[in-house]
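A.B. asks: below: sequence and its predicted model.
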Amino acid sequence: MNWMYTLILAGLMACGEDVSAEDVEQGKSKSVSTVGNADVTSVFAREEKDGKWTFHVSVQHEDVNWEDYADGWDVVLPDGVTLQPDRFHQYTKYIRHPHVDEQPFTRTQKEIEIPEGVDKVTVRAHDKRDGWGGKEVEVDLNVRFGEQFSVKRIP
């Protein structure tokens, strides 16, 4: 058992929780309020000829199973609005399945419409079990390279 599971198990037992090491390893305990731990590790944003954008986003999360995995990522405007090119999904990019053996993984979303005058966006990832809260990347759309991002604009 790795040190993280040992620490979680000790904390749960100290709070009087009846939980086994196997439960913790399998991600079965939901009694502790946690913060999401799906991290955005890199972003490549490309402006297309039609003015829409394509985002390639890499996410790191210790996917365990269908109940605990990185299930989406968002492109968020400075005013907090989330861009959703597919109105049938709750995220900018919906991740359909766990990536237990593929970490970090990269997924692409096309047809993202960034409003005129917006020059910075934030990219964040969602953890199905624990929600938002991992590392985010702020992308300056007017800069070719930045910390954990790159941008290609049409001339």
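C.D. replies: Received the coordinates, thanks.

A.B. asks: need the strands for the chain, in chain order.
C.D. replies: 39-47, 53-60, 70-76, 82-83, 93-94, 105-112, 120-127, 137-140, 145-146, 149-152 (DSSP state E).

A.B. asks: in CSV: the ones you listed, plus mean neighbour count.
C.D. replies: Placement of C-beta: from N, CA and C, glycine included. CSV is the format used below for the strands of the chain (neighbours: other C-beta atoms under 10 Å):
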stretch, mean neighbour count
strand 39-47, 19
strand 53-60, 22
strand 70-76, 23
strand 82-83, 16
strand 93-94, 20
strand 105-112, 16
strand 120-127, 23
strand 137-140, 19
strand 145-146, 11
strand 149-152, 17
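
A.B. asks: take those strands and write them to a markdown table, including mean pLDDT.
C.D. replies: Converted to a markdown table, these look like this (pLDDT from 0 to 100):
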| stretch | mean pLDDT |
| --- | --- |
| strand 39-47 | 98 |
| strand 53-60 | 98 |
| strand 70-76 | 96 |
| strand 82-83 | 96 |
| strand 93-94 | 95 |
| strand 105-112 | 96 |
| strand 120-127 | 97 |
| strand 137-140 | 98 |
| strand 145-146 | 97 |
| strand 149-152 | 98 |
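
A.B. asks: now do the contacts for the residue most central in space within the chain.
C.D. replies: With distances taken as C-alpha atoms, centre = their mean, residue 125 lies nearest the centre of the chain, 1.4 Å away. By C-beta atoms under 8 Å, 6 or more residues apart in numbering, residue 125 lies in contact with 36, 38-40, 57, 59, 61, 70, 72-74, 134, 136.

A.B. asks: go with 6 Å
C.D. replies: 38, 40, 59, 70, 73, 134 (C-beta atoms under 6 Å, 6 or more residues apart in numbering).
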